[in-house]
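[1] Predicted model and sequence below, questions to follow.
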Amino acid sequence: MGVKKWGQKVSLLLAVCMLIGSLVAGCSSSKNDAGSFSEQKMSSNSGAMAKEAPRAESQNAAAPAVQVHTTSDLKAAESGTAQTPADGKDATMTVMPALGSDEAAGFNRKLIYRANLVMPVDDYGKAQTAIRDLVTLSGAYILQFSENANTGERGGTYTIKVAANGFVSLLDGLEKISPSLQRNVQGQDVTEEYVDLSSRLKAKQLVETRLLGFMEKASKTDDLLAFSNELSKVQEAIEQIKGRMRYLDQNVAYSTIEIRMYQQTDKKPFLSDPSKLSLNERIEKAWNSSLNVLVAVLQGILVFLAAAFPILVIALLIGIPIWVYRRKRNKQLAAMRNQLKEQNASLNSLEDEKQGTIDAE
């Protein structure tokens, strides 16, 4: 009985061990199957991605590139130093698309616009009022104005400064005033110069900061004087760069429009075709020409006299005494000559009397 019971216990123990072994084997096989299934899925996905990659690259060939920067990289870029994570793990990724435009590079295009307009009008007074009203409504201002009139036309010249965003609308408004408007618009791109100035300014400011630091640490007077001289040169260069940048900013912010507006008058031009003039007009033209020549000659004489007046005054102050002296001297010489003539005449008469007396004897 004891042997049978012991055999049953052993068989039961073996059955339990076999059951546990089968369960463990089933779990490991299921894990292997799941792992192989995931690996197959990943490999199939990677294959699909590899197949679709050329298609995506061909479709996005003209698409902008993508630059990946970490938060630490951005902070390092702002502070000017590069940092590497100590634990070797990547920080939070920030994806910044490189759009390939000027806005992504940190600046806008710097364009200076200038327009030259020629506006023939029927009524100069009304057109002048309309231009002033349009300039006021556009938020622009007249920088310079000059007006002229001759025998052929009456007109004026305007130099207008307008904000860049209102440049086109102001040109359209001027075209409504004069439909036969002739305009020439030019644009100057100063972006490259502005970027170069910005880089030079940053470099000069860095040198300025270093020189200030050297001056604080300098202990010798000669070193302090040398640093001070260099600092003055650097600060002068910084002010020049800032002035040029302010000039470019002002010209970019405000465009320039130059307008020549004129009205043809009823009078014919003075230098018109002689074959198309009547007899009276030709006589009037000849008379006016003669008067103009005479006036020009008289004006030339007056200008010459005005220029020679100081010289004439000095010449008179010197010449009058000389002339008086010479005149007085000439009178004295003439009196002496007369005396000599009288003496010669008396001597001749005495000689004649003596000769007559001798002849009578």
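    Yes, it's here. Residues are numbered from 1 along each chain as shown.

[2] all contacts plus neighbour counts: C-alpha atoms, from now on.
    Will do.

[3] beta partners of residue 144?
    residue 159 (DSSP bridges).

[4] which stretches of the chain form strands?
    In the chain, the segments counted as strands under DSSP state E are 66-70, 93-97, 111-120, 141-149, 153-163, 182-189, 254-264.

[5] Does anything pack onto the fifth one? Which helices or strands?
    Right, the one you point to is strand 153-163. Strand 153-163 sits against strand 141-149, strand 254-264, with contacts defined as 3 or more C-alpha pairs under 8 Å, 6 or more residues apart in numbering; DSSP states H and E.

[6] And for the last one?
    Applying 3+ C-alpha pairs under 8 Å, 6+ apart, we find strand 254-264 packed against strand 111-120, helix 124-137, strand 153-163.

[7] which one of the helices and strands packed on strand 153-163 is the most hemmed in?
    Compared across the helices and strands packed on strand 153-163, strand 254-264 shows the largest average neighbour count, a mean of 21 (mean count of other C-alpha atoms under 10 Å).

[8] tell me the mean pLDDT for that strand?
    Mean pLDDT, computed over strand 254-264, is 90.

[9] can you map out the helices along the stretch 201-350 of the chain?
    Counting by DSSP state H, counting those that start in this stretch, the stretch 201-350 of the chain has helices at residues 221-253, 279-360.

[10] one step back: possible to save the helices and strands packed on strand 254-264 as CSV with mean neighbour count?
    Formatted as CSV, these follow (neighbours: other C-alpha atoms under 10 Å):
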stretch, mean neighbour count
strand 111-120, 19
helix 124-137, 15
strand 153-163, 18
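
[11] Residue 161 touches residue 140, doesn't it?
    Yes: at 5.7 Å, residue 161 counts as touching residue 140 under the criterion of C-alpha atoms under 8 Å.

[12] and of the strands of the chain, who's closest to residue 326?
    Closest of those to residue 326 is strand 141-149, at 59.8 Å (criterion: C-alpha to C-alpha).

[13] now for that closest one, which elements pack on it?
    Using 3+ C-alpha pairs under 8 Å, 6+ apart, strand 141-149 sits against strand 153-163.

[14] who's in contact with the strand it packs on?
    Applying C-alpha atoms under 8 Å, 6 or more residues apart in numbering, the set of residues contacting strand 153-163 from outside is 124, 138-149, 253-265.

[15] The residue lying closest to residue 175 once chain neighbours are set aside: neighbouring residues, count only.
    Nearest-residue entry for residue 175: residue 181, 5.8 Å, with adjacent residues in sequence omitted and distances by C-alpha to C-alpha, 6 or more residues apart in numbering. Per other C-alpha atoms under 10 Å, the neighbour tally for residue 181 reads 16.

[16] List the backbone torsions phi and psi for residue 181.
    Per-residue torsions, residue 181: phi -70, psi 140 (degrees, to the nearest 10).

[17] ok, it - contacts?
    Contacts of residue 181 by C-alpha under 8 Å, 6+ apart are 117-120, 174-175.

[18] ok, now residue 227?
    So residue 227 contacts 211, 214-215 (C-alpha under 8 Å, 6+ apart).

[19] quick revisit: Serialize the contacts of residue 181 to CSV and add fields for pLDDT.
    Below are the contacts of residue 181 laid out as CSV (pLDDT from 0 to 100):
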residue, pLDDT
117, 91
118, 91
119, 89
120, 90
174, 89
175, 88
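
[20] Low-confidence ranges, the chain, go.
    Low-confidence segments of the chain (pLDDT under 70): 1-11, 16-17, 19, 21-107, 151, 266-277, 361.

[21] sorry, back to before: now the residue nearest to residue 175: how far from residue 163?
    21 Å (C-alpha to C-alpha, to the nearest Å).

[22] What of residue 284?
    Counting by C-alpha to C-alpha - residue 284 and residue 163 are separated by 51 Å.

[23] hmm, back to that, hey, which of the helices of the stretch 201-350 of the chain is tucked in deepest?
    helix 221-253 (a mean of 15).
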